[in-house]
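**Student:** heads up, no residue letters with this:
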């Protein structure tokens, strides 16, 4: 992997490290003047470890940089028009609210008393990171959550672009254009909610896993990013499980590296869920009615219609890419790319969450369907861009992808 | 130097975007800021770490915004004796019981009561 991509992955890894160390410091009641050097040391160690086999960046073409710069300026300009001062509703009602609690070393456990509409069971990657920077700057600062989200929103297209441009600049430019022209991507990117962070970690897991055969360090990184998916949102637990399920053989044979990567985020998540967080409402409120939901075909129709509306409105290009590719696979009697199967399985999982949901289905779909699709969109763009960029290489569209 | 031009472009874009956000919203007051100003005194009156309930005739938006504004020192929880009441300015409801604090702005009336009932 090139150093450009490694540096971008390091951004995500570094933020993950900050949130984990800060959370552990909080529960161990460590003073902040100890937490800061602890985090700084961890970040330095991580940087050296990620770049231990440093590869000098290849001479970057001028056009490659110009295209990227134009893309980022266009995204930035759109983001500026779409940004809200306190973010969207869930941003201040949940994520930034939790960050305010976590920034208070004395009263942070009060967060778990807010049981209605505040979802104190949500994992703490985002709030802990924002809380750390808030304390570092001496108080709640609106710019911090925005800057973090803006950074990650830009890291996603840059990472995809960097990975694809080294093989095919045209495909990389088209992939970048997909992000630039997708208003929903940018709206969610600056919404200050955790979905873009989750999308980044899931994408990073895919990219690292693609290198895992040739570089064993990437297995640790892929596992770490899956762990950070779980530490970011409850949906991330499902995404990580699906990913592991599809690569079960590799994850078992590489269990030691997997443990290195996933150990810390998983430990934090378990401590948080078992010792602090109340039960998740989607799970705790399941009852006999759930079985009725399962056989209620009207729900399936309603979810399908809502999803298709959302996809047609915001994700029309990825939709046609997937359909055409699946038709191609059907005609050639080949199994689709395993990465795409993972994404489609995650979609199926999300679909079933709506089927089981105890909440008003209209409201639930209206408030979250576009965000769930947003979480998977970067991975879809990467998979297709990577596939098309490799189209010149022998068998790229013929061989069933295996590890 | 290990960083590349690609990363410098990314960094530049992030700095520019963040500065633009700061410039755009500096000095601009929205509903949450207005509520923050209104409840600033109540926050001082209430003890840090205390939990209060919420009542009044306003919607879930105000309740949620109040929780955001009062956090982290004060929790807006269910079934508490000390209550924060918020009414639209034109509402004529009279509260009984001990009113600890009252305030009004151009949209709402705010009361802090100990076990008050309408």
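**Tutor:** Done, it's in. The structure displayed is predicted, hence computed values, not measured ones. Residues are numbered from 1 along each chain as shown, chains lettered A, B, ... in the order given.
**Student:** what's the first helix or strand after the helix or strand where residue B:54 lies?
**Tutor:** Using DSSP states H and E, residue B:54 sits in strand B:51-56. Proceeding N to C from strand B:51-56, the next assigned helix or strand is helix B:60-70, under DSSP H and E.
**Student:** list the buried ones in that next one?
**Tutor:** B:62-70 (16 or more other C-beta atoms under 10 Å in any protein chain shown). Backbone N, C-alpha and C define where each C-beta goes, glycine included.
**Student:** next, the angle from it to strand B:51-56.
**Tutor:** Going by axes from the mean of the first three to the mean of the last three C-alpha atoms, to 10 degrees, helix B:60-70 is angled at 150 degrees with respect to strand B:51-56.
**Student:** now do the same contact list for the residue nearest the centre of chain B.
**Tutor:** In chain B, the residue lying closest to the centroid (C-alpha atoms, centre = their mean) is residue B:69, at 2.7 Å. When the contact criterion is C-beta atoms under 8 Å, 6 or more residues apart in numbering or on different chains, the partners of residue B:69 are B:32, B:35-36, B:39, B:43.
**Student:** which of those count as buried?
**Tutor:** If you count burial by 16+ other C-beta under 10 Å, the buried members of the contacts of residue B:69 come out as B:35-36, B:39.
**Student:** ok, so of the buried residues of helix B:60-70, who is nearest residue A:362?
**Tutor:** Nearest to residue A:362 among the buried residues of helix B:60-70: residue B:64, at 20.2 Å, using C-beta to C-beta.
**Student:** how much space between that closest one and chain A?
**Tutor:** 5 Å (C-beta to the nearest C-beta, to the nearest Å).
**Student:** hmm, that residue is touching residue A:93, no?
**Tutor:** Yes - when contacts are counted by C-beta atoms under 8 Å, residue B:64 is listed as touching residue A:93 (4.7 Å).
**Student:** which residue does the stretch 201-350 of chain A have closest to chain B?
**Tutor:** Proximity of the stretch 201-350 of chain A to chain B (C-beta to the nearest C-beta) peaks at residue A:278, 12.6 Å away.
**Student:** near chain A, which residues of chain B are found?
**Tutor:** Within chain B, the positions lying close to chain A (C-beta under 8 Å from any C-beta of the partner chain) are B:2-7, B:9-10, B:13-14, B:16-18, B:20-22, B:24-25, B:28, B:30, B:32-33, B:48-49, B:51, B:60, B:64-65, B:67-68, B:71-73, B:75-78.
**Student:** swap the cut-off to 6 Å and go again
**Tutor:** B:4-7, B:9-10, B:13-14, B:17-18, B:20-22, B:25, B:30, B:32, B:49, B:64, B:68, B:71-73, B:75, B:77 (C-beta under 6 Å from any C-beta of the partner chain).
**Student:** now the buried members of the residues you listed.
**Tutor:** Among those, those buried by neighbour count (16+ other C-beta under 10 Å) are B:4, B:6-7, B:9-10, B:13-14, B:17-18, B:20-21, B:25, B:64, B:68, B:71-73, B:75, B:77.
**Student:** which of the residues you listed fall in strands?
**Tutor:** Taking DSSP state E as the definition of strands, those contribute residue B:75.
**Student:** and the longest helix anywhere in chain A, how far from the chain's centre?
**Tutor:** What stands out as the longest helix in chain A, according to DSSP state H, is helix A:361-389. Distance of helix A:361-389 from its chain centroid, counting by C-alpha atoms, centre = their mean, to the nearest Å, is 11 Å.
**Student:** can you put the contacts of residue B:69 in CSV and add pLDDT and secondary structure?
**Tutor:** Listed next are the contacts of residue B:69 as CSV, based on pLDDT from 0 to 100; DSSP: H, G, I helix; E, B strand; the rest coil:
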residue, pLDDT, secondary structure
B:32, 91, helix
B:35, 92, helix
B:36, 91, helix
B:39, 91, helix
B:43, 88, helix
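**Student:** relative to chain A, which of the residues you listed is nearest.
**Tutor:** Nearest to chain A, judged by C-beta to the nearest C-beta, of the contacts of residue B:69 is residue B:32 at 5.3 Å.
**Student:** give me the low-pLDDT residue ranges for chain B?
**Tutor:** Residues of chain B meeting the criterion pLDDT under 70: B:1-3, B:115-118.
**Student:** before we move on, the earlier item: which members of the buried residues of helix B:60-70 are the farthest-apart pair?
**Tutor:** Spatial extent of those (C-beta to C-beta) is set by the pair B:62 and B:70 at 11.9 Å.
**Student:** how about residue A:287, nearest residue that isn't a chain neighbour?
**Tutor:** Leaving out its chain neighbours, the residue that sits closest to residue A:287 by C-beta to C-beta, 6 or more residues apart in numbering or on different chains is residue A:358, at 7.8 Å.
**Student:** just the element for the one you found, please.
**Tutor:** Using DSSP H and E, residue A:358 sits in no helix or strand.
**Student:** I'd say it and residue A:285 touch.
**Tutor:** Yes - when contacts are counted by C-beta atoms under 6 Å, residue A:358 is listed as touching residue A:285 (4.5 Å).
**Student:** just checking, what packs against the strand holding residue B:54?
**Tutor:** Counting contacts by 3 or more C-beta pairs under 6 Å, 6 or more residues apart in numbering or on different chains; DSSP states H and E, strand B:51-56 is packed against strand B:82-88.
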